[in-house]
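> Need a 3D model of the following:
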Amino acid sequence: MMTVYFYGSFTKEDFFSCFFWVKDDLDYDNSSSGGQRYVKNIWAALCTHIKIHIDARQSGNRDAEEGRWRDVLQFWDDLTDNEGFNGVHRAMFAEKLYEHRPNRGRDPARPRKKIFHGHGS
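Sure, this is the predicted structure:
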């Protein structure tokens, strides 16, 4: 039920405040509906895991808190291997195009890393 709440309250601004490293590359508005749905699902699932962790922390039960934090980390580790996202591929996402990309302090001689991983990239 919580995931539905976070999915419904999604904003791309909130997403990019969390996933700041893709803000200069991912064009959410011009991504396909499947790409946008993927982004929303990732956001909603991560928010749900973190909310459950926060609730466990507030309960004062240290074991529950630690267990829920392990769940958050496991979710993050398993993100690209989630079978529910097998149909997700790079072509679903629009990338921002720049004549001159923002450098953000990076060494321009060092190649940029791929931002999309997994199936079909």
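> contacts and neighbour counts: CA atoms only from here.
Will do.
> Tell me how many other residues crowd Ala45.
19 (other Cα atoms under 10 Å).
> Wait, it touches Thr3, no?
Yes - with the criterion set as Cα atoms under 8 Å, Ala45 and Thr3 qualify as a contacting pair; they are 5.9 Å apart.
> can you pull the pLDDT of the residue nearest the centre of the chain?
Most central residue of the chain, judged by C-alpha distance to the mean C-alpha position with Cα atoms, centre = their mean, is Ile42 at 5.0 Å. Ile42 carries a pLDDT value of 89.
> any idea how far Leu73 is from it?
Using Cα to Cα, to the nearest Å, we find Ile42 at a distance of 14 Å from Leu73.
> now Gly87, what's its secondary structure?
Assigned with DSSP: H, G, I helix; E, B strand; the rest coil, Gly87 falls in the coil class.
> Tell me where this structure has helices.
Taking DSSP state H as the test, the helices found in the chain are 2-8, 12-18, 33-59, 62-78.
> can you put these in CSV and add distance to Asp27?
Output for those, formatted as CSV (distance: least, Cα to Cα, whole Å):
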stretch, distance to Asp27
helix 2-8, 19
helix 12-18, 10
helix 33-59, 10
helix 62-78, 22
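> Out of the ones you listed, which one sits most buried?
The highest mean neighbour count among the helices of the chain, using mean count of other Cα atoms under 10 Å, belongs to helix 33-59: a mean of 17.
> what's the offset of that helix from the middle of its chain?
Its chain's average C-alpha position is 9 Å from that of helix 33-59, according to Cα atoms, centre = their mean, to the nearest Å.
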